[in-house]
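# Here is a sequence together with a model predicted from it:
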Amino acid sequence: MCKSCDSSSASNTTGRRRFLQFAGLSAGALLLTGTLPGKIIQAAEKATAPPKPQNVISPDMALKRLMEGNERYVSGTSTTHDFKAEREALVSGQNPFVAVLSCSDSRIAPEYAFDTARGDLFSIRVAGNFVTPEGLASLEYGVAVLGAPLILVLGHESCGAIEAGIKAVKDQTIFPGHIPKLTDALKSAIETVLKQPGSLMENATAQNVKNSVNSLKQASPLLTDAQSKGMLKIVGGIYRLASGKVELIA
C-alpha cells in the first residue's frame, strides 16, 4: 500500500470498514455453502483476510492508484508482476480495487492500460461501453460482494460501435443481425450532441460515457447505498489510442 494511505486517517477508517465488510461477506458465503458447523469457525477465520489486503482502500485512493498505473503505462514503465505468486494468492477468492465497464475493442486492454495485476481489476466489457442489465448485475456483484470501491466507465477514441450508432441515427443505416441492439443503446448519447459544434464522434463518445456514469449512479439501490456511505465512487474516462492516456471526464 502507498505511503499516503498510511498517512490518511480517513482512508484507514474506510479501509477497516471495507475489511470488516469483506470478512462478513466471506463468513456469510461459508454459511450459504452449508459448511459443517464444527468447521465453520476455522474456515471463517481463514476467509476473513482478503486475498490482496493492499486493495482494501478508499474510493479516492483507488482512483489515485488507478491513474498512477495509467501514468506508468503511458511512460513505458509498467510494473513487472509476479503472476505465479498472484495466482496462488487468489485461489481462495478476489477483492479487486476497481470495476471497469469498457468497450470490447481489441485495442483497449484495461488491465494493461492501468498497469494492474491479477485480482486488481474486475472487468465488464461490451461494444460501446454502455450499461446493460447483465453488466449492471456484474457491477453490483463487484461492489456488494467483492467490495470494489471504484467503478470506471471507460470509452475510447474511434469506437466502432459509436460510429455505427452515428450512421444509424444520421443515415438510418440498418445493420444485420443483433448489431441494432448496440446502435439503439447508443442512440440517446448521439442525439444529445448531434447539433453540437466539433467532432460528432468525439462528442458522442464523451456523452455516452457521461450517460453511463449517470445511469450507474441512479440505476441500483446497491450502488446508490454504497455511494451514500462513502464506500463507492463512479467515474468516467476516455482512452486515447495513440498515447494510451486515460482522461477523466465524469
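Cool, got the structure.
# By mean pLDDT, point me to the weakest helix or strand of this structure.
When the helices and strands of the chain are scored by mean pLDDT, DSSP states H and E, helix 3-7 comes last with a mean of 41.
# can you map out the helices along the chain?
Secondary structure of the chain (DSSP state H): helices at 3-7, 9-32, 37-47, 59-75, 83-89, 110-113, 133-144, 160-170, 179-193, 200-219, 221-228.
# what's the closest of the ones you listed to Val153?
Closest to Val153 of those is helix 200-219 (Cβ to Cβ; 4.4 Å). Where you see a C-beta, it was placed from the backbone N, CA and C, and this is true even at glycine.
# Who are the packing partners of the closest one?
Contacts defined by 3 or more Cβ pairs under 8 Å, 6 or more residues apart in numbering; DSSP states H and E place helix 200-219 against helix 133-144, strand 150-156, helix 160-170, helix 179-193, helix 221-228, strand 233-239.
# That one - what's its average pLDDT?
In this model, helix 200-219 carries a mean pLDDT of 98.
# Of the helices of the chain, which is nearest Gly236?
helix 200-219 (4.0 Å).
# Give me the nearest residue to Leu139, chain neighbours excluded.
Once flanking residues are discounted, Leu139 sits nearest to Ala99: 5.5 Å by Cβ to Cβ, 6 or more residues apart in numbering.
# burial of that neighbour, as a residue count?
Ala99 has 25 neighbouring residues, counting by other Cβ atoms under 10 Å.
# residues touching the closest residue to Thr192 other than its chain neighbours, list them.
With Cβ to Cβ, 6+ apart as the criterion, Thr192 has its nearest non-adjacent residue at 5.2 Å, and that residue is Gln207. Contacts for Gln207 were tallied using Cβ atoms under 8 Å, 6 or more residues apart in numbering; they are Ala189, Ile190, Thr192, Val193.
# Only the buried subset of these, as a ChimeraX command please.
In ChimeraX, this line selects whichever of the contacts of Gln207 come out buried by 16 or more other Cβ atoms under 10 Å:
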select :189,190,193
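# Would you mind putting the contacts of Gln207 into a markdown table with pLDDT and distance to Gly230 alongside?
Listed next are the contacts of Gln207 as a markdown table, based on pLDDT from 0 to 100; distance: Cβ to Cβ, whole Å:
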| residue | pLDDT | distance to Gly230 |
| --- | --- | --- |
| Ala189 | 98 | 29 |
| Ile190 | 98 | 34 |
| Thr192 | 98 | 31 |
| Val193 | 98 | 32 |
